[in-house]
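Asker: got a structure for you, letters missing:
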């Protein structure tokens, strides 16, 4: 059987995963059928999908963890499509709450490691005839940017396109091809020298970061294990809560332009404002600022291969600052310091730097210490750029895109923003037992954006 060796960072996801912390990632798409679509529009394309039993990477990959983690490439006839493709319905007319409850339940269960690590749920019954497509992958296979690019390949910018293939028949490009054998060991002296040089550069960068933080010479620079203890950072249960909010992306852009910061800075500052209010209401706001672990894609613009290509940056969300403008300026200073540290690294050092930076947290999680010792960060917060133009599936319009994500002991909250077709789609994945009334946090995000717009004079009435 064909096998592909996993990269160390991809393999790590299978060792940090526990029964209560399945390493599942989305996406979730909400679509509106085309005008004049027949009543059986959804069931018809689901049935067409059931007839398509050609599987491309990673849909034909099964994990084998011992003696070393490898992907086994399965033949098409070894994959049970009826298990992976599931068609269900909400009690019509279903709303955002009912869909959120269903996604919360589906996202709570781990993927079966004895099978290829994916599920595709087609969910009908939303108000107005809308339906949802929720796909569940293992984070060891794909990161957020890769899942976005997967669906860019599945969907079309042409409203009139029909007969479109299901995701598993499209897949993503493997860096070495579908039938080739990947080897993570450098095959030449030059490759070995580059690898060793990258590790050496990463070690120097980590030492420089640690000494800079310890000396206080760059007070805005933030690293792991500088976060306060919060209600988000204890042990978690297996059950999830999922909530969403959608805003016009132009609102974030107007604030960013008026204050000369990035859209991501605005997102982080708005989230910080929402978290400040949420924690104040439950009398749990720490004196020190909450720290977010911010994934940064290092994936090439033309790459959509299997695996993770991300680095991490740590940023303060400045929940300790009440004034929205002051908070935004402070968040910008924190992210600028983190970016400067990453930009000082040679390109070949970015991946080993990420591994070294994440190493203590990964070891903590594998050893079952998460939620029992100081957190590396209070939450993971991501900003994933999606397609800028509207996309369609068999004429159905994709209205919203969200990213249900992964939680671990010690991190009971994940917030992900997908930008798509001029909209900012924000999803909140939380532990059901650690995050009381999580929907309030979602609502407070919109209010924090209102306050920031008013403060900079960017609000349009």
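Answerer: Good, I have the coordinates. Every value quoted in this text rests on a predicted model; they were computed, and no experiment measured them.

Asker: show me the protein divided up by domain.
Answerer: Per automatic domain parsing, the structural domains of the chain span 3-170, 197-390+401-456.

Asker: I'd like those as a markdown table, with mean neighbour count appended.
Answerer: Where C-beta positions appear, they are placed from N, C-alpha and C, glycine not excepted. Converted to a markdown table, those look like this (neighbours: other CB atoms under 10 Å):
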| stretch | mean neighbour count |
| --- | --- |
| domain 3-170 | 18 |
| domain 197-390+401-456 | 20 |
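
Asker: let's have these in JSON lines, adding mean pLDDT.
Answerer: Supplementary listing: the domains of the chain in JSON lines, determined by pLDDT from 0 to 100:
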{"stretch": "domain 3-170", "mean pLDDT": "93"}
{"stretch": "domain 197-390+401-456", "mean pLDDT": "92"}
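
Asker: scan the protein for its longest helix.
Answerer: Selection of the longest helix in the chain by residue count, based on DSSP state H, yields helix 189-215.

Asker: next helix or strand past that one?
Answerer: Toward the C-terminal end, the helix or strand that comes next after helix 189-215 (DSSP states H and E) is strand 240-248.

Asker: quick one: list the elements packing against the helix or strand following that next one.
Answerer: The first helix or strand that comes after strand 240-248 along the chain, using DSSP H and E, is helix 249-259. Based on contacts counted as 3 or more CB pairs under 8 Å, 6 or more residues apart in numbering; DSSP states H and E, the elements that helix 249-259 packs against are helix 263-281, helix 324-343, strand 423-431, helix 438-456.

Asker: quickly run through the sheet partners of the third one, with directions.
Answerer: If I follow you right, that is strand 423-431. strand 240-248 (antiparallel), strand 413-420 (antiparallel) (DSSP bridges).

Asker: just send the ones you listed back as TSV, with distance to residue 42 too.
Answerer: Supplementary listing: these in TSV, determined by distance: least, CB to CB, whole Å:
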stretch	distance to residue 42
strand 240-248	21
strand 413-420	21
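
Asker: what's the closest of those strands to residue 446?
Answerer: Each of the strands paired with strand 423-431 was scored for nearness to residue 446 using CB to CB, and the closest is strand 240-248 (6.1 Å).

Asker: what angle do the closest one and helix 263-281 make?
Answerer: Using axes from the mean of the first three to the mean of the last three CA atoms, to 10 degrees, the direction of strand 240-248 lies 130 degrees away from that of helix 263-281.

Asker: name the residues that touch strand 240-248?
Answerer: Residues outside strand 240-248 that contact it (CB atoms under 8 Å, 6 or more residues apart in numbering) are 96, 100, 103-105, 107-108, 400, 402, 404, 407, 422-432, 435, 438-439, 441-443, 445-446, 449.

Asker: got the angle between it and helix 249-259?
Answerer: Using the same axes, to 10 degrees, the inter-axis angle of strand 240-248 relative to helix 249-259 is 70 degrees.

Asker: quick one: strand 240-248 to chain centroid distance?
Answerer: Here the centre of mass of C-alpha atoms in strand 240-248, compared against the chain's by CA atoms, centre = their mean, to the nearest Å, lies 13 Å away.

Asker: between it and helix 438-456, how big is the angle?
Answerer: On the basis of the same axes, to 10 degrees, strand 240-248 is oriented at 30 degrees to helix 438-456.

Asker: return the residues in contact with residue 444.
Answerer: Applying CB under 8 Å, 6+ apart as the definition, the contact partners of residue 444 turn out to be 273-275, 277-278.

Asker: excluding chain neighbours, what is closest to it?
Answerer: residue 274 (3.9 Å; CB to CB, 6 or more residues apart in numbering).

Asker: can you show me the strands along the stretch 51-200 of the chain?
Answerer: Secondary structure of the stretch 51-200 of the chain (DSSP state E, counting those that start in this stretch): strands located at 61-64, 70-73, 85-94, 118-126, 131-138.

Asker: quick one: closest of these to residue 310.
Answerer: Proximity to residue 310 (CB to CB) singles out strand 131-138 among the strands of the stretch 51-200 of the chain, at 14.6 Å.

Asker: what lines up beside that closest one in the sheet?
Answerer: Neighbouring strands of strand 131-138 in its sheet, by DSSP bridges, are strand 24-25 (antiparallel), strand 28-32 (antiparallel), strand 118-126 (antiparallel).

Asker: can you add distance to residue 65 and give those strands back as JSON lines?
Answerer: What follows is the strands paired with strand 131-138, written out as JSON lines (distance: least, CB to CB, whole Å):
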{"stretch": "strand 24-25", "distance to residue 65": "18"}
{"stretch": "strand 28-32", "distance to residue 65": "28"}
{"stretch": "strand 118-126", "distance to residue 65": "18"}
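
Asker: please tell me how far the most centrally placed residue in the chain sits from residue 164.
Answerer: Of all residues in the chain, the one closest to the mean position by CA atoms, centre = their mean is residue 144, 4.5 Å from it. Here the criterion is CB to CB, to the nearest Å. By it, residue 144 lies 23 Å from residue 164.

Asker: next, the contact list for the closest residue in space to residue 16 that isn't next to it in sequence, please.
Answerer: The shortest distance from residue 16 to any non-neighbouring residue, by CB to CB, 6+ apart, is to residue 365 (4.2 Å). Neighbouring residues of residue 365 by CB under 8 Å, 6+ apart: 16, 408-410.

Asker: looking at this, residue 365 is in a helix?
Answerer: Yes - under DSSP: H, G, I helix; E, B strand; the rest coil, residue 365 sits within a helix.

Asker: how close does it sit to residue 235?
Answerer: Using CB to CB, one obtains 12 Å as the distance from residue 365 to residue 235.

Asker: try residue 116
Answerer: Using CB to CB, one obtains 30 Å as the distance from residue 116 to residue 235.

Asker: again, but for residue 409
Answerer: Noted for residue 409: a distance of 5 Å to residue 235, by CB to CB.

Asker: joint contacts of the two?
Answerer: Going by CB under 8 Å, 6+ apart, residues that sit against residue 409 and also against residue 235 are 20, 370-372.

Asker: what is the nearest of these to residue 9?
Answerer: Using CB to CB as the measure, the one of the shared contacts of residue 409 and residue 235 that approaches residue 9 most closely is residue 370, at 18.0 Å.

Asker: state the helix or strand in which the closest one lies.
Answerer: With elements delineated by DSSP H and E, residue 370 resides in a region that no helix or strand encompasses.

Asker: who's in contact with it?
Answerer: With contacts taken as CB under 8 Å, 6+ apart, residue 370 has the following neighbours: 235, 364, 408-411.

Asker: identify the farthest-apart pair in those.
Answerer: Maximum distance among the contacts of residue 370 (CB to CB): 12.8 Å, for 235 and 364.

Asker: mind listing the shared neighbours of these two?
Answerer: In the contact map built from CB under 8 Å, 6+ apart, the residues linked to both residue 235 and residue 364 are 370, 410.
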